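Visitor: Generate coordinates for the sequence data below:
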Amino acid sequence: MPDSPRQSTTRDLPRLAHPDGSPIRALVVDDEASLAELVSMGLGMIGWDVVTVGDGQAAVNAARDFRPDVLVLDVMMPGLDGLEALERIRAFAPEVPALFLTAKDAVQDRIEGLAAGGDDYVTKPFSMEELVLRLHRLVQRSGVAASDSADLVVGDLILNLDTREVTRGGEDISLTSTQWELLRYLMENPKHVLSKAQILDNVWKYDFGGQANVVELYISYLRKKIDAGRAPMIHTVRGVGYVLKPAAS
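Guide: Predicted coordinates:
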């Protein structure tokens, strides 16, 4: 029986920081002070700088001064709620990722949160480890951080150049040496369409002559391991080549 996929834990997370070494900044907004403090402690344990506030207007004011790299926003708050606070913050910080934290769990509530510009959604009660992992992923995807590890990250797909480990959504993916090299090349060029000739030259290092179908074969292998049962990341551009990009949400 194959081993069960190893799940990511906060202990496994590579340290994230800005290129100048300064810590990632998180703004946590919740009118439950004890909950906000709990989230602050969890993020502090992975080295982040955290500011907590208790209402939407305070969040807007804090965001102007603190310039957070990620937002954790309660939806239901007196006065300015989380949806309105995010709209105002995005007016001057349009790229900052946001995770909504709320007791609501109806599908319509989730749709409203994501439609308002939220990047993720966690309902109360929640696992602190899950929340930290989700926020870590949001910051990785935003591109604001330089990681201490040699990770290539595209969406929820992570490839470590040192250990050669590959995970998607926290699940281990086992690849052969050639499959790993092909995935590395695709991940080094996300959202760029790569021709078969480019792939052959960079992965196999020599000309296969008329055997360019080897690329099709290995792309099919990768798809079975990377995309099977998930939203696809590897796409064929007919007549041109292949492109890897984050899965559509």
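Visitor: going forward, measure contacts and count neighbours with C-alpha atoms only.
Guide: Noted.
Visitor: shouldn't Leu114 be in contact with Val122?
Guide: No: using Cα atoms under 8 Å, Leu114 is not in contact with Val122; the gap is 11.3 Å.
Visitor: ok, those two, which is more surrounded?
Guide: Shown here are Leu114 and Val122; by other Cα atoms under 10 Å, Val122 has more neighbours (20 against 17).
Visitor: Sheet partners, orientation included, of the helix or strand encompassing the more buried one?
Guide: Secondary structure assigned from DSSP states H and E places Val122 in strand 120-123. Note on strand 120-123: by DSSP bridges, its sheet partners are strand 98-102 (parallel).
Visitor: Name all residues that make contact with Val51.
Guide: 25-28, 40, 66 (Cα atoms under 8 Å, 6 or more residues apart in numbering).
Visitor: between these, which is closest to Ser34?
Guide: Checking these against Ser34 with Cα to Cα, the nearest one is Ser40 at 9.8 Å.
Visitor: moving C-terminal of the helix or strand bottoming out on mean pLDDT in the chain, what's the next helix or strand?
Guide: In the chain, no helix or strand scores lower on mean pLDDT, DSSP states H and E than strand 146-147, which sits at a mean of 60. Under the assignment DSSP H and E, the closest C-terminal helix or strand after strand 146-147 is strand 151-154.
Visitor: For that next one, which strands pair with it and how are they oriented?
Guide: Strand 151-154 is paired, per DSSP bridges, with strand 157-160 (antiparallel).
Visitor: Okay, buried residues for the partner strand please.
Guide: Neighbour-count burial for strand 157-160, with 16 or more other Cα atoms under 10 Å as criterion, is recorded at 157-159.
Visitor: one step back: could you identify the most distant pair in the contacts of Val51?
Guide: Pairwise over the contacts of Val51, using Cα to Cα, the maximum falls at Ser40 and Phe66, 14.9 Å.
Visitor: These two - which one has more neighbours?
Guide: Ser40 (19 against 16).
Visitor: Quickly find the element holding the most centrally placed residue in the chain.
Guide: In the chain, the centroid-proximal residue (Cα atoms, centre = their mean) is Arg137; its distance is 3.4 Å. Using DSSP H and E, Arg137 falls within helix 128-142.
Visitor: got the contact list for Ala63?
Guide: Shown in contact with Ala63 (Cα under 8 Å, 6+ apart): 27, 89.
Visitor: Per-residue pLDDT of Ser20, please?
Guide: If you look again at residue 20, you'll see it is Asp, not Ser. In this prediction, Asp20 carries a pLDDT score of 70.
Visitor: likewise the one 10 residues further on?
Guide: Listed pLDDT for Asp30 reads 94.
Visitor: what about it, how many neighbours?
Guide: Residues near Asp30, counting by other Cα under 10 Å, number 26.
Visitor: Dihedrals phi and psi, it?
Guide: Asp30 adopts backbone torsions of phi -160, psi 140, taken as degrees, to the nearest 10.
Visitor: wait, Lys225 sits on Asp172?
Guide: No: if you go by Cα under 8 Å, Lys225 and Asp172 don't touch, sitting 10.0 Å apart.
Visitor: This protein: strands as residue ranges?
Guide: Taking DSSP state E as the criterion, the chain contains strands spanning 16-17, 25-29, 49-53, 70-74, 98-102, 120-123, 146-147, 151-154, 157-160, 166-168, 171-172, 234-237, 241-244.
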